[in-house]
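Novice: 3D model of this:
(chains A and B)
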Amino acid sequence: MAFASIYVPDFSIQAVVRTEPTLRQCAIALIEGCPPLERVVAINAAAARAGLDLGMTKAQAAQFPSIEIRQRSPLEEQSTHAALLDLGWSVSPRVEDTAADSIVVDLTGLASLFGSEKAIAHLLAQRALDFGLVVRVAVSSNLEVALHAARGFPGITVIPPGEESGRLGVLPIHVFSPPVEMMETLERWGVRTCGALAKLPLLELSERLGQQGVQLHQWARGTSVRSMILAEPKLCFEEEMALEYAVEELEPLAFLLGRLLDQLCARLSARSLSACALHLRFELDNSSANEASPAQIPNEHLDGKPNKNEVYEKLFTLPVPMRDSKMLLRLLRLHLQSDPPGAPIVRTYLGAESAAPRVRQEGLFLPSSPDPEKLELTIARLANLVGNSQVGSPRLIDSHRPDAFEMSRFIALHNAPEVRQKSLSAPEDHEPVAAFRVFRPAPRAMVTLREERPVHISFPNMHGDVVAASGPWRTSGEWWREDAWHREEWDVEIHRPAASNTNVFENSPSAEPQNGVYRIYFDHLRQAWFVAGMYD
Amino acid sequence: MAVNVAVLRSQVETALAGRIPAPFARRSVQVETAPFNIAEIDALAGGLPQGALTEISGPFSSGRATLLLSALASRTAHAHVCALVDGRDTFNPYSAEAAGVKLERLLWVRCRNIDECLRATDLLLQGGGFGLIALDLSILPPKTVRYVPLNVWFRFRRAVENTPTILLLLDQESNAGSCASLVLRLGFEPFRWSAPQTQHAPSSPNSYARLLDGSQFHVELVRSRLKAAAGGHKIQSFARVDEANAVANFRTKTKWSDFRETFIEPK
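Specialist: Just a heads-up that it's a prediction; the model follows:
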């Protein structure tokens, strides 16, 4: 049995650096508190070398050149902790959620999958880098030893069984995070390392320091034994970021979304999953709008209650599971271009619904079809061009209403063809059905009747004599609705004189006379004639 | 000058001998075609060439939409994914379903102007993988379509080359010029109307008892780069063969004509 402990040093700082990778090489100080009482709560090694210390005020920290000062972000820390758990679950379902910056993974039975313990430790460190985290990994047969070794030793540490006490001996006592009073007592005794603590007699130690001292002693000797407290594996992929300054334009917003998507996709990839839907939520800064138009401030804001920001929410359902962050970012950009948030953004949230990745083998005899991910991008671009409701696949509605259909989302199917491509020509007796075009909206027409039959028609930019007609075909329905219909339809063949020959919709005289067969109807509800469409 | 050209040609051939067998010979490209599923048109044109631009032009009510739906039905029946860029939102899904189009395999882009049409077609061609992309500009004024620069059709032709996609252009006048590998011109013919045959309802031009039965359309093959292969094989070759003045007629029927024969005029 072996355990691997993963520890994230400078957790708060790494949580910030994870969403802002350019800060990785910089000296960073995190501040917390209400202005102007903000204090430095975390610094990295570079900042400590520069002379910065915890507890300094923001103004003092700002005196140091080349120090990047950021606000501590509990949201980003939560996301980083979730990523750390995903890192553990990427290799084993048995993971202990020890602390915000530490987890323990049970490596039992993983040798056949990932190799030796050292190989697994390297794999975990590499995956952590993909998540934007620099971690320490320690492997030991004792869970507590692994935990403390990860906190004490940099990089990857593998402690063979039986060497626990010896390897931990060099570590300072503060890796156990003892209470301050106990730490001072041990300091007075001259006990500074785990090795020195392990050499103390247990009975006398317990008389002076109590059970806490006994526990420290067991940790120092590497003999403490306890069971793992397993965390329940979750399929929750969420990334959230609070922004110091409101983002107003799409370009910087896309930059931020790109980072969140990179993190989400790395986490999904580590769990061998893909996203089947993306949930996007922006908290909008409506203060600028309120300043601009004080008359529009809602009443509740005047009651002394805090000004609650508006929320922009979108759910993007993907036709196939994806985890390509660049492709997802393009889709989000296109959707945001067509439907932008109405105010600057102060907080972003991005969640992914996970699904098993798409596994499909092309059929040998199936025709090629658009790549689903590329097709989704093409459809998003088309929707951006002509509008969301104008792109899709038509679906007929079970109704007698003329031209009743709805647009549904287009998904490329990969079914076998209904007919085999054997012969080029159709059967001799095959007559195609005459196609009918629908004019949307139907143009209004002026119809001259003789003996209740149309003999002459004129509608925008065109008129002609009726040479043949069939009708009236009466149809009505859904009288209980506002958009009920009640019409008399006629199929008419119109011969147009050459002088008046023009396009139905726009003036466009052409050289030769044109005739046509149209369907016209008299709308009893509107008491007017309309042209429904044309046979073509 | 002619002698100089002949000498130059001979020198080039000699220089390239062994590396390129016939540098000045016209390439014969094997082209796969798809049927319209209308026997007369398939016999006349040899089908729709894949990886090429096909143009169908004609006036109103000349059968352009019928040909379009027939081609869509043929491609979707073979499990191809098709796209229709509708220039004036006149596509009728009911008519398409009656023609046999599998609507779930059709991506319909409803445009408002020619600029949207051309950009949508560009996006679809770049997306790739479609069996047929139809650009229906037949309701747009000819003057508008005439102003489309020739390089747009050239770009479309290049985009579709070496792909299994058929690019079908429908308009009132032929505009794509030499970019189209197959050009069909349709003409209006009077439609067929069933006249009443009973003694009590004598035949008249505007009779209530009349029904629209269908039509017969006139098709002219204006240009084809498909060299007709013997036996009507599916695979044909591109060559600069202009089969001008080849014509054909095909008949269409209305959705109710079958029912009329069954229930109204039983044989």
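Novice: what about the helices in the stretch 351-500 of chain A?
Specialist: A:372-386 (DSSP state H, counting those that start in this stretch).
Novice: Tell me which residue in it sits closest to chain B.
Specialist: Closest contact between the stretch 351-500 of chain A and chain B, by C-beta to the nearest C-beta, is at residue A:370 (3.2 Å). No exception for glycine: its C-beta is placed from N, CA and C like everyone else's.
Novice: Just give me the neighbour total for that residue.
Specialist: Counted by other C-beta atoms under 10 Å in any protein chain shown, the residues lying close to residue A:370 total 22.
Novice: what's the answer for residue A:228, then?
Specialist: Counted with other C-beta under 10 Å, residue A:228 comes out at 14.
Novice: give me every residue that touches the closest residue in space to it that isn't next to it in sequence.
Specialist: Once its chain neighbours are removed from consideration, residue A:228 has its nearest residue in residue A:96; the separation is 4.8 Å (C-beta to C-beta, 6 or more residues apart in numbering or on different chains). The neighbourhood of residue A:96, defined by C-beta atoms under 8 Å, 6 or more residues apart in numbering or on different chains, consists of A:103, A:104, A:105, A:106, A:143, A:228, A:229, A:230, A:231.
Novice: switch to 6 Å and redo it
Specialist: Residue A:96 makes contact with A:104, A:228, A:229, according to C-beta atoms under 6 Å, 6 or more residues apart in numbering or on different chains.
Novice: picking up where we left off before, close enough to count as contact, the residue of the stretch 351-500 of chain A closest to chain B and residue B:129?
Specialist: Yes - checked against C-beta atoms under 6 Å, the pair residue A:370 and residue B:129 is within contact range at 3.2 Å.
Novice: Report how many residues lie close to the nearest residue to residue A:378 once chain neighbours are set aside.
Specialist: Among residues not flanking residue A:378 along the chain, residue B:127 sits closest, at 3.6 Å (C-beta to C-beta, 6+ apart). Other residues near residue B:127 number 21, with proximity taken as other C-beta under 10 Å.
Novice: So residue A:167: helix, strand or coil?
Specialist: Judged by DSSP: H, G, I helix; E, B strand; the rest coil, the three-state class of residue A:167 is helix.
Novice: For it, which non-adjacent residue is closest in space?
Specialist: Among residues not flanking residue A:167 along the chain, residue A:159 sits closest, at 5.0 Å (C-beta to C-beta, 6+ apart).
Novice: What residues does that neighbour make contact with?
Specialist: Taking C-beta under 6 Å, 6+ apart as the contact definition, residue A:159 lies against A:140, A:149, A:167.
Novice: which phi and psi does it have?
Specialist: Summarising the backbone geometry of residue A:159 under the convention degrees, to the nearest 10, its torsions are phi -110, psi 110.
Novice: quick one: it from residue A:173, how far?
Specialist: From residue A:159 over to residue A:173 the distance is 18 Å, taken as C-beta to C-beta, to the nearest Å.
Novice: what do you get for residue A:16?
Specialist: Distance of residue A:16 to residue A:173, computed by C-beta to C-beta: 29 Å.
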